[in-house]
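Asks: Build the 3D model from these lines:
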Amino acid sequence: TMSPPVCLLLLVAVSLGGIMAYQVPEASVKVNSPQGFEVSIPAEPGVSLFAFHGKLNEEMDDLSDQTWAADIVTPRNGRWVYRNRQQRLQKGDVLYYWTTARHHGVDYHNYNRKYVVGGGDSQSFDLQGSNGGRQPIVANGHNTINIFVQ
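Replies: Prediction:
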């Protein structure tokens, strides 16, 4: 059996390991128009890989049940980005996904995530131009829009 000091040291090490564990940032999802989407996390120090696994309109039964699976090995403009240029997403579509970040050589995961397309995260309105034409504007995400009237 272990002596009490060794047992206590082991307990403290295990407790600190749980506290110090890396947390994968919550991914941002961006729907592109007319087709495609992006899923990304911030590029944080110590992260050397970002992986995306996803499926459209159907929950994943297990970790190998996916339509898309990709490992991203280089961040761009301060973010790790999975980019899909082919898939056309419609309002009400549900993107089920999970992500992985490799932090200091250890893989950490965010399982059971979902994103509902058009789930209150976009605004659409028309502007009338000075020549009488109308210009539709769609703002995805949580935007602050400043309108100046002259």
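
Asks: Which stretches in the chain count as strands?
Replies: For the chain, applying DSSP state E gives strands covering 28-31, 37-42, 47-56, 68-72, 79-84, 94-103, 106-116, 122-128, 134-140.

Asks: neighbouring contacts of the fifth one?
Replies: If I follow you right, that is strand 79-84. The contact list for strand 79-84 (Cβ atoms under 8 Å, 6 or more residues apart in numbering) reads 36-43, 47, 50, 52, 68, 70, 72, 75, 101. C-beta: built from backbone N, CA, C; applies to glycine.

Asks: picking that back up, out of the strands of the chain, flag the one nearest Y22.
Replies: Smallest distance to Y22 across the strands of the chain (Cβ to Cβ): 4.1 Å, for strand 94-103.

Asks: Need the contact partners of that closest one.
Replies: So strand 94-103 is contacted by 22, 24-25, 27, 29, 37, 39, 41, 44, 46-60, 63, 80, 89, 107-117 (Cβ under 8 Å, 6+ apart).

Asks: Specify the angle between it and strand 37-42 in degrees.
Replies: Orientation of strand 94-103 against strand 37-42 (axes from the mean of the first three to the mean of the last three Cα atoms, to 10 degrees) gives an angle of 30 degrees.

Asks: Out of the contacts of strand 94-103, which end up buried?
Replies: 24-25, 27, 29, 37, 39, 41, 47, 49-56, 60, 80, 89, 110, 113, 115, 117 (16 or more other Cβ atoms under 10 Å).

Asks: from what I can see R88 touches Q35, true?
Replies: Yes: the criterion here is Cβ atoms under 8 Å, and R88 meets it with Q35 at 4.1 Å.

Asks: Now mean pLDDT too, for the strands of the chain, in JSON lines please.
Replies: Shown next, in JSON lines, are the strands of the chain (pLDDT from 0 to 100):
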{"stretch": "strand 28-31", "mean pLDDT": "97"}
{"stretch": "strand 37-42", "mean pLDDT": "98"}
{"stretch": "strand 47-56", "mean pLDDT": "98"}
{"stretch": "strand 68-72", "mean pLDDT": "97"}
{"stretch": "strand 79-84", "mean pLDDT": "98"}
{"stretch": "strand 94-103", "mean pLDDT": "97"}
{"stretch": "strand 106-116", "mean pLDDT": "97"}
{"stretch": "strand 122-128", "mean pLDDT": "51"}
{"stretch": "strand 134-140", "mean pLDDT": "53"}
